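**Q** Predicted coordinates and the sequence they were generated for:
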Amino acid sequence: MKKRKLSEGFRRYLSMEIGIEYKACLYFFVILFFYAMYRVSIGVYEASLPHMLEMICATYAMGYLQVLALGNFDETERLSVGWFLKDVFCSGLYVGISAVGGWFDGNGAATAAFAVFCIGMFLCGYLANKLKREIDTEQLNVMLQQYKRMRDG
């Protein structure tokens with residue numbers, strides 16, 4: 001019995017870590033894309049490795065914050081005022097980190113666009129997660145129906 005609980009606890013921990021890894025990779029790619037498009041728009045075709053390091057560290061930290069403190073809000077079932085406030089809060093953190101790190105060279109317009117982009121990024125994450133759950137539910141229901149037919153027939 002004790003061995004099973006340890007296994008279940010480890011499985012929950014592993015599931016949480018995989019979820020955070022998923023968030024960090026997804027959001028890092030999206031933020032890096034915005035950053036790259038900004039750099040191209042100002043005629044610079046190289047990216048700063050320190051900026052990319054800050055971005056990946058920020059996305060991992062944000063993943064832990066979202067999962068451990070903010071109820072994993074981008075994977076919830078429905079949108080709400082609380083969801084939107086968490087979106088704005090996390091977006092504000094990213095904007096603050098970008099300002100401190102100088103990702104957009106003090107360009108206020110780029111930073112404002114990044115803020116709007118981050119709000120949309122979390123909304124898209126929510127929609128993608130919701131769609132994935134709906135597809136998974138449909139597939140599980142089909143599998144259940146197939147199992148019932150095989151069992152009964």
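**A** Structure's in. What do you need?
**Q** same for the helix with the most length in the chain, what does it pack against?
**A** Taking DSSP state H as the criterion, the chain has its longest helix at helix 108-152. Here helix 108-152 touches helix 2-41, helix 81-101, going by 3 or more C-beta pairs under 8 Å, 6 or more residues apart in numbering; DSSP states H and E. C-beta: built from backbone N, CA, C; applies to glycine.
**Q** what's the angle between it and helix 2-41?
**A** Counting by axes from the mean of the first three to the mean of the last three C-alpha atoms, to 10 degrees, helix 108-152 points 140 degrees away from the direction of helix 2-41.
**Q** Go ahead and name everything in contact with stretch 105-119.
**A** 31, 34, 38, 42, 87-88, 90-92, 94-95, 98-99, 103-104 (C-beta atoms under 8 Å, 6 or more residues apart in numbering).
**Q** Out of those residues, which is nearest to residue 56?
**A** The closest of these to residue 56 turns out to be residue 31 (C-beta to C-beta; 9.1 Å).
**Q** Surely that closest one and residue 56 touch.
**A** No. Counting by C-beta atoms under 8 Å, residue 31 does not reach residue 56; the two are 9.1 Å apart.
**Q** So for those two, which residue has more residues nearby?
**A** residue 31 (26 against 16; other C-beta atoms under 10 Å).
**Q** Run through the residues that contact the residue positioned nearest the centre of the chain.
**A** Centroid-nearest residue in the chain, with C-alpha atoms, centre = their mean: residue 23, separated by 3.5 Å. Neighbouring residues of residue 23 by C-beta under 8 Å, 6+ apart: 59, 62-63, 66-67, 74, 125.
**Q** which non-adjacent residue is nearest residue 54?
**A** Spatial nearest neighbour of residue 54, chain neighbours left out: residue 101 (4.5 Å); criterion: C-beta to C-beta, 6 or more residues apart in numbering.
**Q** now swap in residue 89 and tell me
**A** Of all residues not flanking residue 89 in the chain, residue 70 sits nearest, at 7.8 Å (C-beta to C-beta, 6+ apart).
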